[in-house]
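Next input, structure requested:
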Amino acid sequence: MGTLQRHLINLDMLLADLEMLDASEYGQASHAKLLRDIQKVLQAIDEVASGETVASFQKAVATTGLAKAMEDKRMPGIYNRLIGYVLQHWETSRKIDAILADQFDENADKRLDLLQVKNIKAKSQFKTVAGAMGKRDYELFVQNMGLNHPDWTWQA
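Now for the predicted structure:
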């Protein structure tokens, strides 16, 4: 079994783990950890796929059941980028909430402003990339990554 095939099987298993998460775990540590693990596998797939032909990549993907989500060999890189924006949004949101809850000191306004800009930027970049993907690919991404939440659902 080739390296690409192994990475695709790892991705398929991580996506199955993601499906098993309860809706209440959205954005929690377990969800974020799975997304970071998926990000690592997607990075590996993207690196290996660069040396593959389009036909060989599609053939490898077809044997794992990821054919709909990964029919284009650029998709692992796009998914990786989108997951990065989601994780960045969650991290900055947690930091903002922490500052508002109990860390409000003389420098809090500056930190809040910087974090809010970073948070808005992550979501804006996510929307830009997601919009370029097209509706079908975007909906597959949201479904596969367990992001069926108002934070990430809009018309692509």
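
For stretch 76-85, list the C-alpha coordinates in PDB.
Output in PDB follows, covering the C-alpha atoms of stretch 76-85 (Å, rounded to 0.1, in the frame of the first residue of the first chain):
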ATOM      1  CA  PRO A  76      -6.400  18.700   0.900                       C
ATOM      2  CA  GLY A  77      -4.600  22.100   0.900                       C
ATOM      3  CA  ILE A  78      -7.800  24.000   0.800                       C
ATOM      4  CA  TYR A  79      -9.300  21.900   3.600                       C
ATOM      5  CA  ASN A  80      -6.100  22.400   5.600                       C
ATOM      6  CA  ARG A  81      -6.400  26.200   5.200                       C
ATOM      7  CA  LEU A  82     -10.100  26.300   6.100                       C
ATOM      8  CA  ILE A  83      -9.400  24.200   9.300                       C
ATOM      9  CA  GLY A  84      -6.700  26.600  10.200                       C
ATOM     10  CA  TYR A  85      -9.100  29.500  10.100                       C
END
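
which residues sit against that stretch?
35-36, 38-39, 42-43, 45-46, 49, 69-70, 122-123, 125-126, 129-130, 133, 141, 145 (C-beta atoms under 8 Å, 6 or more residues apart in numbering). In this view, the C-beta of every residue, glycine as well, is placed from N, C-alpha and C.

Next, give phi and psi for residue 50.
phi -60, psi -30 (degrees, to the nearest 10).

how far away is it from residue 79?
15 Å (C-beta to C-beta, to the nearest Å).
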